[in-house]
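Participant: Next come a sequence and a model predicted from it.
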Amino acid sequence: MSTVPTTNRKLMDWVKEVAKLTQAANVYWCDGSQAEYDRLCQEMVKAGTFTPLNQKLRPGCFLARSHVSDVARVEDRTYICSQAKEDAGPTNNWADPNEMKTMMTGLYSGCMQGRTMYVIPFSMGPLDSPIAKIGIELTDSAYVVVNMRIMTRMGKAVLDKLGATGSFVECIHSVGAPLKPGQKDVAWPCEPDPAKKYIVHFPEEQAIWSYGSGYGGNALLGKKCLALRIASSIARKEGWMAEHMVILALTSPAGKKHYVCAAFPSACGKTNLAMMQPSLPGWSVKCLGDDIAWIRVGEDGRLYAMNPESGFFGVAPGTSNQSNPNAMKTIVKDTIFTNVALTPEGDIWWEDMGIPAPAKAIDWEGKEWTPDCGRKAAHANARFTAPAAQCPVIDEDWQNPAGVPISAFLFGGRRPSTIPLVNEAFSWEHGVFMGSSTGSETTAAALGKAGVLRRDPFAMLPFCGYHMGDYFAHWLSMAGRTDRSKLPKVFFVNWFRKSPEGKWLWPGYGDNSRVLKWVCERIEGTGKAVKTAIGNLPTADGLDLSGLKTTPEDMKQLLAVDPEGWNAEIADISANYDKFGAKLPAALKKELEGLKQRLGV
Ligand code: GTP
Ligand code: SPV
Ligand code: MN
């Protein structure tokens, strides 16, 4: 687009100002068309950023390999720059917004030399939704543009909706790798020094400044930055919720449909649950979203959830026809793969893809790879970017601007011990307690050590844009915004229990439908439960285990209350709660005390 396709003065001025600061060689306004997408993909093929895959095997698909320093979210480089430090709370990195802006203005100065600055108008949420939010991302990465086209509603229609006076979330992104005249570009430009990457949020101004990384949530600013960190802070003020949750629809053999939201930390099973193929005959799961839900009280008093995204940025390793056949069908065409392996046929491969490893391949670093070379072929946080519309089980209401009414919230994480397979909260407050005390082993989705247990309240530890204590209070406050009987029931699930030998106790994936069935039965008032100190657990015959090979001893462990484990759990929850000081809601202290009393510890 050569002429400026907007009459929005604020937008025009801001684009000019950033182009001047960054000294971009060109400014390009994205129209969001297929032709534009195709052209950018071809340009990236020429530049070496994209490898086209075999067009017979994977039509319209490309592979990108990132720089080795740039493979996941960088939580220690992520900041919430609220005016007051107190408003960011103890779980966020904070810096003074003015000081941060001065420092980053220095970084941005001349940072797009020799590069095009793309203007990406995008909407989080369907364009016709009254609760959709418009953002404009300025970026020097064509990889970001094509990913944003899949992940968001992007292009001209957004500018039309914005009009002359509409407001938008300002998102600035640079890979931080200016090109001197004549300098040859690299396949994945970025700032290789981890200490110079910055993912920064200014919640009061609704602005996002990102520098140095081109990967995932660090660079696709509509996702974690806007739809979770900035949106959560807006949601608190406006009385709604922005959550790290899947939205799925579950239909019983009798034809009864329930919508469920589930919050699990990164790489803990959301995409897999969202589009699972139930192993129980007659049950069906339809997907509405796999990562983020915006939730508000509807006119009938129920909570309605809407997915602000339009694509999946899913974990590749572990995705197979056995574990997630619907994801495999989603990525047959028009998909971008990042950091997976390339086979000699020009197809993709990753660990636990359910097909034998190729005799040789090119690994995610671009090196020759053989099955016995001792290295993984795909990075553990390798991802696919695919349009949600391609998912064979996408729900008919996935773009409904009003969202869908939620019957249950699930929380969960990777817990090898103590936490049972499923546990129903006694009340809304008990459910909020469960969400607030969520713990999980860390994963490759963020840079840092994987497999370490940490508290990740509501799976929002890296994504809550304000004080976590206030966030707990906000969750509790939902009970005052509607009739309690209309609130979703709350459950805690754990697909990741292990035997002492380190084997999974529960088969997971499609067999998680057995737990979902019990959840539906509890919603409908027919599920069989036993009241325990920690919550309502299924009775021995409460779960439908027909056709399952899991032994009765393993089932017993999966549904047991382990007093010793809970003792340690309570100590860890208490220690985490201590961080929030006076901001810890009294209702949660009471829940913790109640749990201690019931357990007799
Ligand atoms: P983000 O996109 O990072 O937010 O991750 P996610 O929560 O969507 O996780 P995803 O569904 O992509 O799963 C991450 C990893 O967990 C994959 O390697 C899966 O194979 C594995 N996984 C998912 N569900 C299960 C399960 O029920 N059991 C077991 N054992 N592994 C699972
Ligand atoms: C996550 O880490 O939770 C993701 C991937 O969904 S990213 O978009 O990189 O944040
Ligand atoms: Mn996620």
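Facilitator: It's in. Residues are numbered from 1 along each chain as shown. Ligands and ions are numbered 1, 2, ... in the order given.

Participant: If you tally nearby residues, what's the number for the nearest residue to Gly239 once chain neighbours are set aside?
Facilitator: Leaving aside its chain neighbours, Gly239 sits nearest to Arg481 (6.3 Å; criterion: C-beta to C-beta, 6 or more residues apart in numbering). All C-beta spots, glycine's among them, are computed from the backbone N, C-alpha and C. If you count neighbours by other C-beta atoms under 10 Å, Arg481 ends up with 14.

Participant: quick one, phi/psi of Arg481?
Facilitator: Here is the backbone geometry of Arg481 (degrees, to the nearest 10): phi -100, psi -10.

Participant: Give me the pLDDT value at Thr443.
Facilitator: For Thr443, the pLDDT comes out at 95.

Participant: Give me the pLDDT value at the residue nearest to Gly239.
Facilitator: pLDDT for Arg481: 97.

Participant: pretty sure it contacts Val297?
Facilitator: Yes. Under the criterion of C-beta atoms under 8 Å, Arg481 makes contact with Val297 at 5.2 Å.

Participant: hey, what's in contact with both of the two?
Facilitator: Residues touching both Arg481 and Val297 by C-beta atoms under 8 Å, 6 or more residues apart in numbering: Gly239.

Participant: where's the nearest residue to Pro308 once chain neighbours are set aside relative to Phe168, distance?
Facilitator: For Pro308, ignoring the flanking residues on the chain, the nearest one in space by C-beta to C-beta, 6+ apart is Met124 at 3.8 Å. For Met124, the distance to Phe168 equals 11 Å [C-beta to C-beta, to the nearest Å].

Participant: Same drill for these two, tell me which one is more crowded.
Facilitator: Just comparing Met124 and Phe168: by other C-beta under 10 Å the higher neighbour count belongs to Met124, 28 against 21.

Participant: mind checking the backbone torsions on the more buried one?
Facilitator: Torsion angles, degrees, to the nearest 10, at Met124: phi -90, psi 110.

Participant: Tell me if I'm right that it and Glu137 touch.
Facilitator: No. At 11.2 Å, Met124 does not count as touching Glu137 under the criterion of C-beta under 8 Å.

Participant: any common contacting residues for those two?
Facilitator: Between them, Met124 and Glu137 share the contacting residues Gly222, judged by C-beta under 8 Å, 6+ apart.

Participant: How about the stretch 151-300 of the chain, which of its residues are in the neighbourhood of ligand 1?
Facilitator: Phe264, Ser266, Ala267, Cys268, Gly269, Lys270, Thr271, Asn272, Asp290, Asp291 (C-beta under 6 Å from any ligand atom).

Participant: Keep the residues you listed, but drop any that are not near ligand 2.
Facilitator: By C-beta under 6 Å from any ligand atom, the members of these lying near ligand 2 are Ser266, Asp291.

Participant: where does the protein have low pLDDT?
Facilitator: Residue ranges of the chain with pLDDT under 70: 1-2.

Participant: which helix of it spans the most residues?
Facilitator: helix 563-578 (DSSP state H).

Participant: Nearest to ligand 3: which residue in the stretch 301-450 of the chain?
Facilitator: Closest residue of the stretch 301-450 of the chain to ligand 3, C-beta to the ion: Ala445 (6.9 Å).

Participant: distance of the residue nearest to Gly239 from Arg302?
Facilitator: With C-beta to C-beta as the criterion, Arg481 and Arg302 are 11 Å apart.

Participant: repeat for Leu57
Facilitator: From Leu57 to Arg302 the distance is 45 Å (C-beta to C-beta).

Participant: and the chain, which residues reach ligand 2?
Facilitator: So the chain meets ligand 2 at Arg73, Gly216, Gly217, Lys223, Lys224, Ser266, Asp291, Phe313, Ala445 (C-beta under 6 Å from any ligand atom).

Participant: how about those residues in JSON lines, adding secondary structure and distance to Ala568?
Facilitator: Formatted as JSON lines, the residues of the chain next to ligand 2 follow (DSSP: H, G, I helix; E, B strand; the rest coil; distance: C-beta to C-beta, whole Å):
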{"residue": "Arg73", "secondary structure": "strand", "distance to Ala568": "29"}
{"residue": "Gly216", "secondary structure": "helix", "distance to Ala568": "33"}
{"residue": "Gly217", "secondary structure": "helix", "distance to Ala568": "32"}
{"residue": "Lys223", "secondary structure": "helix", "distance to Ala568": "35"}
{"residue": "Lys224", "secondary structure": "helix", "distance to Ala568": "31"}
{"residue": "Ser266", "secondary structure": "coil", "distance to Ala568": "24"}
{"residue": "Asp291", "secondary structure": "coil", "distance to Ala568": "31"}
{"residue": "Phe313", "secondary structure": "strand", "distance to Ala568": "35"}
{"residue": "Ala445", "secondary structure": "coil", "distance to Ala568": "25"}
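
Participant: residues contacting the spatially most central residue of the chain?
Facilitator: With distances taken as C-alpha atoms, centre = their mean, Asp291 lies nearest the centre of the chain, 3.9 Å away. For Asp291, the contacting residues are Lys223, His244, Met245, Val246, Lys270, Thr271, Glu309, Phe312, Phe313, by C-beta under 8 Å, 6+ apart.

Participant: how does it look with 10 Å?
Facilitator: Taking C-beta atoms under 10 Å, 6 or more residues apart in numbering, we find Asp291 in contact with 151, 217, 223-224, 227-228, 243-247, 266, 270-271, 274, 307-309, 311-314.

Participant: Let's verify His201: helix, strand, or coil?
Facilitator: Here His201 is strand, with the state taken from DSSP: H, G, I helix; E, B strand; the rest coil.

Participant: Look up the closest residue to the residue of the stretch 301-450 of the chain found nearest ligand 1, ignoring the ones flanking it.
Facilitator: Ligand 1 sits closest to Gly318 of the stretch 301-450 of the chain, with a gap of 2.5 Å, by C-beta to the nearest ligand atom. In this structure, Gly318 finds its nearest non-sequential neighbour in Asp352, 4.7 Å apart by C-beta to C-beta, 6+ apart.

Participant: how far away is Glu191 from Asp70?
Facilitator: 8 Å.

Participant: show me what contacts Asp185?
Facilitator: Going by C-beta under 10 Å, 6+ apart, Asp185 touches Ala47, Gly48, Thr49, Gly114, Arg115, Ala177, Leu179.

Participant: secondary structure element for the residue nearest to Pro189 when sequence neighbours are not counted?
Facilitator: Nearest non-adjacent residue to Pro189, counting by C-beta to C-beta, 6+ apart: Ala177, 3.7 Å away. In this structure, Ala177 is located outside every helix and strand according to DSSP states H and E.

Participant: thought Ala177 was touching Asp193?
Facilitator: No. With contact defined as C-beta atoms under 10 Å, Ala177 does not count as touching Asp193 (11.4 Å).

Participant: Looking at those two, which one has more neighbours?
Facilitator: For Ala177 and Asp193, the more surrounded residue by other C-beta under 10 Å is Ala177, and the numbers stand at 23 against 10.

Participant: how close does that one sit to Gly110?
Facilitator: Taking C-beta to C-beta, one finds Ala177 at 11 Å from Gly110.

Participant: list the contacts for the residue in the stretch 1-150 of the chain positioned nearest to ligand 3?
Facilitator: Distances between the stretch 1-150 of the chain and ligand 3 by C-beta to the ion are smallest at Arg73, namely 8.9 Å. Residues counted as contacts of Arg73 (C-beta under 10 Å, 6+ apart) are 199, 213, 215-219, 224, 266, 381, 445-448, 462-463.

Participant: so which of those residues is the most crowded?
Facilitator: Ser213 leads the contacts of Arg73 on contacts (other C-beta under 10 Å) with 31 neighbours.

Participant: Secondary structure element for it, which one?
Facilitator: Per DSSP H and E, there is no helix or strand for Ser213.

Participant: just use 4 as the starting number from now, easier for me
Facilitator: Sure, I'll start counting at 4 from here, so that last one is Ser216.
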